[in-house]
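give me the fold of what follows.
(one chain, ligands or ions: 2)
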Amino acid sequence: MSQGRRFRELVATEQPLQIAGTINAYMALMAKTAGFKALYLSGAGVANASFGLPDLAITTLNDVVTDAERITGAVDLPLLVDIDVGWGGAFNIARTVKAMERAGVAAVHMEDQVSQKRCGHRPGKEVVSTAEMQDRIKAAVDARQDSNFVVMARTDALAVEGLNAAIDRAAAYVEAGADMIFAEAMTDLSHYDQIKAAVGVPVLANMTEFGQTELFHKDLLAQHGVDMVLYPLSAFRAANAAAFKVFEALLRDGHQNAVVDTMQTRSELYEFLNYHSYEQKLDALFAKDK
Ligand SMILES: C[C@](O)(C(=O)O)[C@H](CC(=O)O)C(=O)O
Ligand SMILES: [Mg+2]
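Ligands and ions are numbered 1, 2, ... in the order given. Predicted structure coming up:
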């Protein structure tokens, strides 16, 4: 079964499907072990973690596809990838979709912001016309090889044009061929109900922390028409805070005694990596005394 098909089936059965943001392959391994069934590669995550840059349209297709294929290479769960605005015109978007499919990605989300995009939860966003976004979606849908590969349209319009415009845009994006809708930066639960009623396709809620949207329980979101709940950067933010405490402690104390208890142990690390099976393979394959 293709990854796109697996993703669609999970969306249909999980009610709602919880999707874990994993900024690298090891995080993806941990999320799978924890029990997540679908993963996410955040555009902000690639910019912040892999490049030390803000999420302001600085990274490119190649940057994101490199990180995506590291995750799909390590974990066989369906991966949703943030492709920002698709990185260019119709042919660039087609190239993006083909590259993501080749990388083993299940689904992508593409947004209706102008090419100089911003984080969805920050001020100063601008959106392109509905017609221009429809053209982006048509280019993406037309380029996919597997008809089950998911093209999700994200609308950032709520903050710019208001709820009615966001609803109309979401409906127009589905008309243009979008399989699912990412309702970005909603400020009320009822917004999800209204978008869902207008589009009739699966809807994603972004539970990113410290943003415009309250951090709702997944069941409450499901009651309001949400099919997918995204945690794009939760583990990244937690890991960052933990790492900074370690750096501070090392300089302050001159040793790591105060923070060793906060660390994942060597044996836990090896457990997630399945390290011992690799060692056993080495022992089985190669003679020790030559
Ligand atoms: C989902 C998102 O597009 C991302 O890149 O992870 C961001 C998340 C964030 O900045 O909190 C967004 O919502 O714009
Ligand atoms: Mg993003």
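
for ligand 2, see how far away A31 is.
18 Å (C-beta to the ion, to the nearest Å). C-beta coordinates here come from the backbone N, C-alpha and C atoms, glycine included.

now do the contacts for that residue.
A20, T22, L39, V75, L77, A235 (C-beta atoms under 8 Å, 6 or more residues apart in numbering).

give the buried residues for stretch 223-237.
Buried residues in stretch 223-237, counted by 16 or more other C-beta atoms under 10 Å: 224-233, 235-237.

circling back: just the ones of the contacts of A31 in strands?
A20, L39 (DSSP state E).

output the buried residues of stretch 223-237 as JSON lines; include the columns distance to ligand 1, secondary structure and pLDDT.
Formatted as JSON lines, the buried residues of stretch 223-237 follow (distance: C-beta to the nearest ligand atom, whole Å; DSSP: H, G, I helix; E, B strand; the rest coil; pLDDT from 0 to 100):
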{"residue": "H224", "distance to ligand 1": "19", "secondary structure": "coil", "pLDDT": "98"}
{"residue": "G225", "distance to ligand 1": "19", "secondary structure": "coil", "pLDDT": "98"}
{"residue": "V226", "distance to ligand 1": "15", "secondary structure": "coil", "pLDDT": "98"}
{"residue": "D227", "distance to ligand 1": "16", "secondary structure": "coil", "pLDDT": "98"}
{"residue": "M228", "distance to ligand 1": "12", "secondary structure": "strand", "pLDDT": "98"}
{"residue": "V229", "distance to ligand 1": "12", "secondary structure": "strand", "pLDDT": "98"}
{"residue": "L230", "distance to ligand 1": "7", "secondary structure": "strand", "pLDDT": "98"}
{"residue": "Y231", "distance to ligand 1": "10", "secondary structure": "strand", "pLDDT": "98"}
{"residue": "P232", "distance to ligand 1": "3", "secondary structure": "coil", "pLDDT": "98"}
{"residue": "L233", "distance to ligand 1": "6", "secondary structure": "coil", "pLDDT": "98"}
{"residue": "A235", "distance to ligand 1": "12", "secondary structure": "helix", "pLDDT": "98"}
{"residue": "F236", "distance to ligand 1": "9", "secondary structure": "helix", "pLDDT": "98"}
{"residue": "R237", "distance to ligand 1": "9", "secondary structure": "helix", "pLDDT": "98"}
